[in-house]
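Engineer: the following block contains a protein sequence and its predicted model.
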Amino acid sequence: MSSKVLVALRIKAAPLRVFEVFTADIGAWWRPNDLFSFTPRSPGVLAFEGAGEARGEGVRLVERLPSGKVFEIGPVRVWTPGERLVFGWRQATFAPGMDTEVEVRFEAVGDETRVTVEHRGWDTVPIEHVARHHFPDGVFLHRHGAWWRDLLESLRQSMISPSP
């Protein structure tokens, strides 16, 4: 069984709108976490970029670093606006085969959207790896899950009071 994080939060907006803010404005609502940085030069600004964004073809999640370099976090594997988004997730220190994946689901619940994040595949990253900080599975997954909850709350707050 894959070690994973699963968190959900409701946002008072339509699924398509939440998907659009999640993808187009990720650089505005994303909050870096020193424990879970992508590169030693992080934090940068996250963005989904690439050709065919309407269909998700060739889109990737990247971090634009202050130096101007771009680090690819992972390719988009599923891009279904208003419903589902799946993308690869790796840190610069991951060896080949150390791949995790994030699935985000956008489900209408009355006049709200339930945003569910499942970040799976952590069993491919050894406990001794710097990305896991030697935390036992339960501690690591709990801390990573808390970060995802904070990120979803930041997404929700950005939709309540969008920046000028």
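Structural biologist: Everything's here; your move.

Engineer: show me what the helix ranked longest in the chain is packed against.
Structural biologist: Secondary structure assigned by DSSP state H gives helix 137-160 as the longest helix of the chain. Helices and strands touching helix 137-160, by 3 or more C-beta pairs under 8 Å, 6 or more residues apart in numbering; DSSP states H and E, are strand 4-11, helix 15-24, helix 26-29, strand 112-120. The C-beta positions use only the backbone N, C-alpha and C, and glycine is treated the same way.

Engineer: so which elements touch the longest one?
Structural biologist: In this structure, helix 15-24 makes packing contacts with strand 84-89, strand 100-109, strand 112-120, helix 137-160, judged by 3+ C-beta pairs under 8 Å, 6+ apart.

Engineer: could those go into TSV alongside distance to residue 8 and mean neighbour count?
Structural biologist: Putting the helices and strands packed on helix 15-24 into TSV (distance: least, C-beta to C-beta, whole Å; neighbours: other C-beta atoms under 10 Å) gives the following:
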stretch	distance to residue 8	mean neighbour count
strand 84-89	14	19
strand 100-109	9	18
strand 112-120	4	19
helix 137-160	8	16
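
Engineer: and residue 74, which of the ones you listed is closest to it?
Structural biologist: strand 84-89 (2.6 Å; C-beta to C-beta).

Engineer: quick one, that closest one and strand 112-120 angle?
Structural biologist: 30 degrees (axes from the mean of the first three to the mean of the last three C-alpha atoms, to 10 degrees).

Engineer: how near is the residue located most distally from the centre of the chain to residue 6?
Structural biologist: Farthest-out residue of the chain from its mean C-alpha position, per C-alpha atoms, centre = their mean: residue 110, at 25.0 Å. Distance, residue 110 to residue 6, by C-beta to C-beta, to the nearest Å: 22 Å.

Engineer: repeat that for residue 102.
Structural biologist: In terms of C-beta to C-beta, residue 102 sits 11 Å off from residue 6.

Engineer: which one of the helices and strands packed on helix 15-24 lies nearest to residue 47?
Structural biologist: strand 84-89 (12.1 Å).

Engineer: what pairs with that closest one, parallel or antiparallel?
Structural biologist: Looking at strand 84-89 with DSSP bridges, its partner strands are strand 70-80 (antiparallel), strand 100-109 (antiparallel).

Engineer: quick one: contacts for the residue nearest the centre of the chain?
Structural biologist: The centre of the chain sits closest to residue 102, judged by C-alpha atoms, centre = their mean, with a distance of 6.2 Å. Listed by C-beta atoms under 8 Å, 6 or more residues apart in numbering, the contact set of residue 102 reads 74, 86-89, 117-120.
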